[in-house]
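Colleague: With the sequence up front, the predicted model follows.
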Amino acid sequence: MENRKVYQNQISEKRQEMVEQLIEHINASTIEQRQDQLKKEIDASLDQRNRELFMELTDRLNSIR
């Protein structure tokens, strides 16, 4: 019976590790997507010669990094 509890605890710990890794991956992916979106918006602001928007978006991008 004791072995079963140890085994269940090991499985539970492994499952928790996997969930944590998945959350880290999702967070990293979300940050990358947000950075890519801001870069596109920055390019668009440059095309429009909108300095104010460019500066705002650049600040937002730098705050993510």
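Modeller: That came in fine, so what should we check first? Numbers count the residues shown, from 1 in each chain.

Colleague: Could you use CA atoms for every contact and neighbour count after this?
Modeller: OK.

Colleague: what about the longest helix in the protein?
Modeller: Assignment by DSSP state H gives helix 2-47 as the longest helix of the chain.

Colleague: Run the chain-centre distance for that one.
Modeller: Chain-centre distance of helix 2-47: 7 Å, with C-alpha atoms, centre = their mean, to the nearest Å.

Colleague: looking only at pLDDT, what's the mean for that helix?
Modeller: Per-residue confidence for helix 2-47 averages out to 93 on the pLDDT scale.

Colleague: right, and the helix or strand after that helix?
Modeller: helix 51-64 (DSSP states H and E).

Colleague: what does that following helix contact?
Modeller: Under the criterion C-alpha atoms under 8 Å, 6 or more residues apart in numbering, residues 31, 35, 38-39, 41-42, 45-46 lie in contact with helix 51-64.

Colleague: Okay, angle between it and helix 2-47 too, please.
Modeller: Angle, helix 51-64 to helix 2-47, by axes from the mean of the first three to the mean of the last three C-alpha atoms, to 10 degrees: 160 degrees.

Colleague: Check which residues of helix 51-64 are buried.
Modeller: Residues of helix 51-64 classed as buried: 53-54, 57, 61 (neighbour count, 16 or more other C-alpha atoms under 10 Å).
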